[in-house]
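[1] have a look at this prediction, sequence included:
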Amino acid sequence: MKIFIDSANVREIKEAAGLGVIDGVTTNPTLIARENKPAKAILEEICSLVSGPVSAEVISLESRKICEEARQLSKIAKNIVIKVPLVKEGLKAVQILSQEGIRTNVTLCFSLPQAILAAKSGASYVSPFIGRLDDITACGISLISEIKTVFRNYGFKTEIIVASIRNPLHVADAAKIGADIATIPFAVIEQLIRHPLTDIGIARFLEDYKKIPQK
Ligand code: G3P
């Protein structure tokens with residue numbers, strides 16, 4: 001499973017990239033707004049740090065405008081992927097953009113039929129938001145399982161980005177299902193690393209090391 005970082009914070013992206021486990025980045029307007037800098041400057045900096053796909057979201061809701069915005073965003077760097085919302089006009093735009101060779105990430109996906117339509121429209125990626133489904137007492141991870149099965153049944157090439165990840169269990173479950181990508185907030189990446197038995201093990205080794213005669 002590829003790991004993306006779900007962040008627009010350059011410090012977090014640098015630190016995560018330094019771990020050698022980051023394959024790409026996803027951003028959205030909420031994440032960009034936290035940085036208090038123009039979106040273009042943030043995206044340029046992120047693309048200079050990470051060679052994998054960097055998702056940048058459009059804000060237009062009409063297909064012609066989505067395409068115009070997508071073409072502008074694509075000029076920022078070769079690794080920009082255009083995030084398009086899963087609405088009628090978005091799907092129309094995805095079809096046009098895919099014919100132009102512009103990669104798309106269809107976002108705000110909350111159901112299997114929506115994911116099927118994203119794949120049919122030629123999306124490179126689809127992003128089901130599992131945490132937000134959990135928030136309304138629907139099972140987010142079950143949706144990933146359903147999408148995986150159906151994409152496999154029909155040989156759809158669209159990659160599944162598990163998004164709105166809130167905890168390490170979401171990541172483990174996504175991997176067990178065989179999701180292509182998990183996009184993970186920095187705080188959860190840090191949680192993935194930590195284990196209390198690792199800390200206890202290190203403390204004991206260091207204590208025991210002190211007992212070893214030096215001569
Ligand atoms: O990639 C989409 C993701 O950022 C949404 O996460 O936590 O706002 O539901 P969240």
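    Received, thanks.

[2] helix, strand or coil for the most centrally placed residue in the chain?
    Here the mean C-alpha position of the chain is nearest to the C-alpha of residue 183 (CA atoms, centre = their mean), at a distance of 3.0 Å. Look at residue 183: counting by DSSP: H, G, I helix; E, B strand; the rest coil, its state is strand.

[3] any idea what it is bridged to?
    Counting by DSSP bridges, residue 183 is bridged to residue 4.

[4] ok, now how distant is it from residue 129?
    Distance, residue 183 to residue 129, using CB to CB, to the nearest Å: 10 Å. Heads up, the C-betas are built off the backbone N, CA and C, glycines and all.

[5] what residues does the protein have near the ligand?
    Proximity of the chain to the ligand (CB under 6 Å from any ligand atom) is limited to residues 6, 26, 28, 127, 129, 131, 132, 163, 164, 183.

[6] in helices only, show me those.
    Among the residues of the chain next to the ligand, DSSP state H puts 131, 132 in helices.

[7] by neighbours, which of the residues of the chain next to the ligand wins?
    With neighbours taken as other CB atoms under 10 Å, the top of those is residue 163, carrying 30 neighbours.

[8] residue 6 is in contact with that residue, correct?
    Yes: using CB atoms under 8 Å as the test, residue 163 is close enough to residue 6 to be in contact (6.8 Å).

[9] quickly list what's touching both of residue 183 and residue 129.
    With contacts defined as CB atoms under 8 Å, 6 or more residues apart in numbering, the residues shared by residue 183 and residue 129 are residue 163.

[10] quick check: bridge partners of residue 106?
    Per DSSP bridges, the residues bridged to residue 106 are residue 84, residue 126.

[11] give the contact list for it.
    Counting by CB under 8 Å, 6+ apart, residue 106 touches 83-86, 90-91, 94, 118, 121, 123, 125-127.

[12] go again with 10 Å.
    Contacts of residue 106 were listed using CB atoms under 10 Å, 6 or more residues apart in numbering, and they are 82-87, 90-91, 93-94, 114-115, 117-119, 121-128, 158, 161.
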